[in-house]
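**Q** Whatever this is, show me its structure:
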Amino acid sequence: MTNRKVMVVACALALAGACGDPTPGGGVSAGEEALDRCDIRAAHAAYSEAYTSAPDDPDAALGFALTDMLLVGEDPNAVAGLQLWGFTGGMDSEMLLWGPSALLDTLTRHGSGSDYGDFVEANFPYPPVRDRTNGLDRIAADTTARQVVERGFAMQERFARISAAFETAAQGAPRSVSINGSCGVGTVELQAAELYLLAGAWQGVVLGLQIARGYSWDFLLLDGIDWRDGSPERLRHQADVLNEHLGAVSDAGALSAVPDQWRRFFSLMNSALRAADAAGAPGPDALVEWRAYRAGLLPSMLVQGEAAQQLADGTVTAPGLTPEWSGELQPLFRGELDLAAFGRSFEVYEDPMWGDAWIEVDEAPIDQVLMAVLSRSPFDDTLSNVEWSHLDDWSGDRTDWQIVEVPSERADVYPIDMPRFISPTVERYRDQWYFE
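**A** The predicted model follows:
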């Protein structure tokens with residue numbers, strides 16, 4: 001497939017941008033023009049319109065996904081959720097990423113990590129970053145854990161849409177991403193593997209939120225997380241709260257929707273593994289040399305990933321483990337994994353000599369929960385005989401959990417290596433990113 005050039009602004013820490021083969025008068029073209037001006041919000045509006053009109057267009061999908069990802073921290077629910085933790089506002093992507101003195105501007109000016117760190121410290125919407133006060137003091141005494149998680153629940157559909165858009169973009173990969181303009185730093189090629197990984201990462205958030213919907217969050221937030229008062233009375237109250245609510249099923253109906261989200265998560269991750277294993281020689285601006293992984297690691301990870309995907313439908317035996325392990329998640333989906341129903345997991349212990357008190361975790365209830373889904377308990381002492389396939393040679397065709405036979409010629413050409421970021425853009429700016 002011919003690579004398509006697109007104008008883009010990147011997000012921090014990983015990769016980002018927007019995309020598009022401009023079509024005259026189309027939303028993708030308007031998005032590209034907005035990115036030339038480093039106007040992410042205008043670009044997002046244009047790409048969102050284009051993606052809504054043509055959800056199967058990989059250019060519109062990538063432009064929407066990457067710009068929407070940049071703006072997640074400005075979602076009203078995100079802002080409200082952060083304020084519950086004591087933030088004074090949301091995550092302003094212009095301030096953090098693409099505005100004056102932000103990440104991209106710092107890179108183009110050849111500034112250091114210290115420059116950016118000082119700027120963030122002065123402008124980040126969380127006072128403890130500057131005044132070193134305890135952040136727990138900024139949480140209102142009547143804030144509940146449910147208020148916090150409900151803000152995430154309200155954004156679940158948005159996260160799912162970002163995931164779907166990255167998946168559509170992956171199906172049309174690779175894409176050459178030009179991070180240019182006054183807030184840009186160079187060119188990076190996004191391959192299908194990276195885009196599927198992004199889709200899977202956002203789907204992982206969706207999966208986590210769907211599971212969280214089934215459990216109890218009806219307790220005061222500080223009762224669960226404030227450990228500053230170490231008195232036995234306070235710790236006993238905290239242990240009671242944790243025992244009553246942590247892992248207690250409150251909505252079994254919500255858990256019945258988890259299998260679909262589970263399947264989708266592992267389907268995307270397995271697609272990423274397949275794309276990485278099938279990747280050819282990278283272009284000069286590729287982000288990762290995926291062929292470095294091919295000495296058996298990706299195929300054997302895929303075997304495990306496919307087994308994990310099947311857990312949505314029944315009992316699965318883990319491939320290649322000795323002694324044999326099997327597992328099932330049906331008890332989770334039926335709302336039967338209720339930690340609170342198996343006894344107290346948290347107990348307070350006191351040392352009368354030193355006057356200390358602390359909370360310890362009792363493994364027994366957790367062990368019972370695990371035994372409801374696993375054929376063997378990880379706390380079972382007899383599991384010392386578990387034998388993973390060992391690594392014979394870093395340049396050979398086996399890994400520390402090799403399952404699939406890999407042709408030796410592939411292993412010889414592409415020995416196992418750590419991820420290699422080979423983009424000239426990444427290499428150029430990595431060396432300058434230091435802290436004085």
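
**Q** what helix or strand does Ile359 sit in?
**A** strand 356-361 (DSSP states H and E).

**Q** Tell me the helices and strands packed up against that strand.
**A** helix 232-245, strand 346-351 (3 or more Cβ pairs under 8 Å, 6 or more residues apart in numbering; DSSP states H and E). Every residue, glycine included, has its C-beta placed from N, CA and C.

**Q** from those, which stretch is densest packed?
**A** Across the helices and strands packed on strand 356-361, averaging neighbours per residue (mean count of other Cβ atoms under 10 Å) puts helix 232-245 on top, at a mean of 17.

**Q** Give me the contact list for the helix or strand following that one.
**A** Counting by DSSP H and E, the next helix or strand C-terminal to helix 232-245 is helix 252-255. For helix 252-255, the external contacting residues (Cβ atoms under 8 Å, 6 or more residues apart in numbering) are 210-211, 213-214, 249, 332-335.

**Q** Export only the CA atoms of helix 252-255, formatted as CSV.
**A** Extracted in CSV, the C-alpha atoms of helix 252-255 (Å, rounded to 0.1, in the frame of the first residue of the first chain):
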residue,chain,number,x,y,z
ALA,A,252,-23.9,-8.6,38.4
GLY,A,253,-25.8,-7.4,35.3
ALA,A,254,-22.9,-5.1,34.4
LEU,A,255,-20.5,-8.0,34.6
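
**Q** If we go by neighbour counts, what in the helix or strand just after that helix is buried?
**A** Using DSSP H and E, the helix or strand that follows helix 252-255 in sequence is helix 258-278. Within helix 258-278, the residues that qualify as buried are 258-259, 261-277, counting by 16 or more other Cβ atoms under 10 Å.

**Q** and helix 258-278, what does it pack onto?
**A** Using 3+ Cβ pairs under 8 Å, 6+ apart, helix 258-278 is in contact with helix 156-171, helix 192-212, helix 297-310, helix 330-333.

**Q** How about residues contacting the shortest one?
**A** Identification of contacts with helix 330-333 by Cβ under 8 Å, 6+ apart yields 211, 255-256, 258-259, 314, 337, 372-373.

**Q** in it, what counts as buried?
**A** 332-333.

**Q** and it, how far from the chain's centre?
**A** On the basis of Cα atoms, centre = their mean, to the nearest Å, helix 330-333 is displaced by 23 Å from the centre of the chain it belongs to.

**Q** rewinding a little: could you work out the most separated pair of the contacts of helix 330-333?
**A** Farthest-apart pair in the contacts of helix 330-333 is Ile211 and Gly314; separation 18.7 Å (Cβ to Cβ).

**Q** Now the element after the lowest-mean-pLDDT helix or strand in the chain, going C-ward?
**A** Ranking every helix and strand in the chain by mean pLDDT, DSSP states H and E puts strand 5-7 at the bottom, with a mean of 34. Once the chain leaves strand 5-7, the next helix or strand it forms, by DSSP H and E, is helix 27-36.

**Q** Which residue is the nearest non-sequential neighbour of Arg151?
**A** Gly81 (3.3 Å; Cβ to Cβ, 6 or more residues apart in numbering).

**Q** Mind telling me what element that neighbour is part of?
**A** helix 76-84.

**Q** Alpha carbons of that helix, in PDB - could you do that?
**A** Extracted in PDB, the C-alpha atoms of helix 76-84 (Å, rounded to 0.1, in the frame of the first residue of the first chain):
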ATOM      1  CA  PRO A  76     -16.000  17.900  31.100                       C
ATOM      2  CA  ASN A  77     -16.200  14.500  32.900                       C
ATOM      3  CA  ALA A  78     -12.400  14.300  33.100                       C
ATOM      4  CA  VAL A  79     -12.200  17.900  34.500                       C
ATOM      5  CA  ALA A  80     -14.900  17.100  37.100                       C
ATOM      6  CA  GLY A  81     -13.100  13.900  38.000                       C
ATOM      7  CA  LEU A  82      -9.800  15.600  38.400                       C
ATOM      8  CA  GLN A  83     -11.400  18.300  40.600                       C
ATOM      9  CA  LEU A  84     -12.600  15.600  42.900                       C
END
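
**Q** what's it packed up against?
**A** helix 145-154.

**Q** Could you tell me the angle between the helix it packs on and helix 76-84?
**A** 160 degrees (axes from the mean of the first three to the mean of the last three Cα atoms, to 10 degrees).

**Q** about what we covered before: surely the residue nearest to Arg151 meets Gly152?
**A** Yes - assessed by Cβ atoms under 8 Å, Gly81 is found in contact with Gly152 at 6.8 Å.

**Q** Those two: which is more packed in?
**A** Gly81 (20 against 17; other Cβ atoms under 10 Å).

**Q** Could you measure from the more buried one over to Met95?
**A** 18 Å (Cβ to Cβ, to the nearest Å).

**Q** How about Val148?
**A** Taking Cβ to Cβ, one finds Val148 at 24 Å from Met95.

**Q** try Ala164
**A** From Ala164 to Met95 the distance is 29 Å (Cβ to Cβ).

**Q** same check, this time on Ser375
**A** Ser375 is 51 Å from Met95, by Cβ to Cβ.

**Q** The two - which one has more neighbours?
**A** Met95 (18 against 14).

**Q** what sits against Pro219?
**A** Check again: residue 219 is Phe, not Pro. 144-145, 241, 244-245.

**Q** Do you know the pLDDT at the residue nearest to Arg151?
**A** pLDDT for Gly81: 97.

**Q** Could you measure from Gln191 over to Ile139?
**A** With distances taken as Cβ to Cβ, Gln191 is found 42 Å from Ile139.

**Q** Please say which of the two ends up with more neighbours.
**A** Gln191 (23 against 18).

**Q** Am I right that the more buried one is in contact with Asp285?
**A** No - the criterion here is Cβ under 8 Å, and Gln191 misses it with Asp285 at 10.6 Å.

**Q** Quick check: phi and psi at Val288.
**A** The phi/psi pair for Val288 (degrees, to the nearest 10) reads phi -130, psi 140.

**Q** Over to Pro100?
**A** phi -60, psi 130.
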